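# Fold the following for me, if possible:
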Amino acid sequence: MRHVNKLLSVLCFTPFLFSPSSLLAQPQGPSVDELVELVDFDFEQFQTEYSQYEADYSKIGNDESPFVGGAFDRQTGDAVPSVGREAPERPDVWEDEFSNDTNQLIILLDLDDPEVTRAITGDPDAFESRAAAEYAVIEAINRGDSGARTYFSNASEGWHLIWQDRLEAEAREFLGDDDPYEIIQQYIVLHYPSIDDARAAMSEMLLRRGVRHVEMNETMEFSWAPNDPYFAVVSSSAGRYQWGMHAMRFPAAWDITKGHGHVGVIDGGLPSSVPSDLQRNYRSQFSFVIASVPSVYEFHGTHVMGIIGATANNSIGVAGGCPTCSTAMARMTPNIANITAGITGVVSRGMQVANMSFGGQNTCAGSYGAV
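Numbers count the residues shown, from 1 in each chain. This is a model prediction of the structure:
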């Protein structure tokens, strides 16, 4: 019963800590009081019992038995060498500073229509599979075939949005047409000489037979963070540099569990020499590169990775919110195509949570729906 009470305390306590105030003002389903009554759980006693350890990091290490062996069990050990492919060289992305538009488009085609593939590739015969048609379309674009130039309004280059984790044609035969993994394989990215060329091409392709979806490959920005060490210092929390952890009562939660799970961080990468505070939880074998990123973004990736999974109780740096979670990095610059590929990549590698610390004007891109 002790273990059951601990588990129930997590389930009741977590919404109280992390739900936005707007949601708390409009609860859905049973209230906390109703849940407490249903499970005969003394919530006040729980708060009193664990508040005494609020800032005592030495208490980390309690009984984890309710969480061992489950879906979020964390396997420790040395990382194996990475087998991922390096990101290919791509042409530069030109960005409109006023609208976040770029000189790239994301497009979804109906390649089950033989007239569409014939117009693009010039091949009168039907392709043996949709996958074969997709490769033929990309090759026609990059060769500069006249049909592809006309259909795609003079795109200078094209590639599969999902290039690193593409499913083989044989595997896709087992997926239904509405399967998200099947749909995401079908998106392609088109590159144009200028932003105006991309905008004009999008207007033209909206009228093309076989174009199911087309959008600008808009850019987003990493959330701003200062580079000052221990920046979260305020006069009211002297000595508590990570005041947010205390405000959300992480130490009390850590008395119950330090956390289990695999978190995929879609961000600007880590330096080649991974900081010592991140090494224990970082899994290089699950990390990969979507696009080459200037090293300046490594600061942001390191900052975010530390918040999530820095080792606790080691007298180094900061304590991560989940100090015993496993973490992996999907390195990329934040545009719609890269973000979609990053989400797909961390899911295919078994990550249970995907973290993205950036934003932009377009928060509901069409390609996200397939993910």
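
# List phi and psi for V214.
The phi and psi torsions at V214 (degrees, to the nearest 10) take the values phi -150, psi 140.

# Give the closest residue to it in space, chain neighbours not counted.
I107 (4.6 Å; C-beta to C-beta, 6 or more residues apart in numbering). Heads up, the C-betas are built off the backbone N, CA and C, glycines and all.

# Quickly find the element holding I183.
Using DSSP states H and E, I183 falls within helix 180-185.

# Report the strands that pair with the next helix-or-strand element following that helix, each with its relative direction.
Elements were assigned by DSSP H and E; along the chain past helix 180-185, the next helix or strand is strand 187-191. According to DSSP bridges, strand 187-191 has the following sheet partners: strand 104-109 (antiparallel), strand 157-160 (antiparallel).

# residues of the helix or strand following the last one that come out buried?
Going down the chain from strand 157-160, the next helix or strand is helix 169-172, by DSSP H and E. Of the residues in helix 169-172, those buried under the neighbour-count criterion (16 or more other C-beta atoms under 10 Å) are R172.

# What helices and strands are in contact with helix 169-172?
With contacts taken as 3 or more C-beta pairs under 8 Å, 6 or more residues apart in numbering; DSSP states H and E, helix 169-172 sits against helix 130-143.

# can you give me the angle the helix it packs on makes with strand 104-109?
140 degrees (axes from the mean of the first three to the mean of the last three C-alpha atoms, to 10 degrees).

# Okay, buried residues for helix 130-143 please.
For helix 130-143, a neighbour-count test (16+ other C-beta under 10 Å) marks R130, A131, A133, E134, A136, V137, I138, A140, I141 as buried.

# and the next element down the chain from it?
Using DSSP H and E, the first helix or strand after helix 130-143 is helix 146-151.

# re earlier: any idea of the mean pLDDT for the helix holding I183?
What helix 180-185 shows for mean pLDDT is 90.

# Ok, stretch 197-206 next?
Rounded mean pLDDT across stretch 197-206 is 96.

# any chance of the strands paired with strand 187-191 in TSV, plus mean pLDDT and mean neighbour count?
Below are the strands paired with strand 187-191 laid out as TSV (pLDDT from 0 to 100; neighbours: other C-beta atoms under 10 Å):
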stretch	mean pLDDT	mean neighbour count
strand 104-109	96	24
strand 157-160	96	17
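
# Which residues does the helix holding I183 contact?
With contacts defined as C-beta atoms under 8 Å, 6 or more residues apart in numbering, helix 180-185 is touched by 108, 131, 134, 160-162, 166-167, 172, 175-176, 340, 344, 367, 370-371.

# How about stretch 336-345?
104, 106, 161-165, 184, 187, 189, 215-218, 220, 264, 266, 288, 290-291, 330, 332, 354, 356, 362, 365, 367-368, 370-371.

# Output the below-cut-off pLDDT ranges for the stretch 151-300 of the chain.
Counting by pLDDT under 70, the stretch 151-300 of the chain contains low-confidence ranges at 223-241, 243.

# show me where it has helices.
Remark: helices assigned in the stretch 151-300 of the chain by DSSP state H, counting those that start in this stretch are 169-172, 180-185, 195-205, 243-247, 250-256, 276-279, 298-309.

# So which bits of the third one are buried?
For helix 195-205, the neighbour count (16+ other C-beta under 10 Å) marks I195, D197, A198, R199, A201, M202, E204, M205 as buried.

# which strands and helices sit next to it?
Using 3+ C-beta pairs under 8 Å, 6+ apart: helix 195-205 touches strand 104-109, strand 211-216.

# For those, give me JSON lines that also has distance to A155.
Below are the helices and strands packed on helix 195-205 laid out as JSON lines (distance: least, C-beta to C-beta, whole Å):
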{"stretch": "strand 104-109", "distance to A155": "8"}
{"stretch": "strand 211-216", "distance to A155": "11"}
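
# all strands of the stretch 251-371 of the chain, in order?
Taking DSSP state E, counting those that start in this stretch as the test, the strands found in the stretch 251-371 of the chain are 262-267, 288-289, 326-331, 353-356, 358-359.
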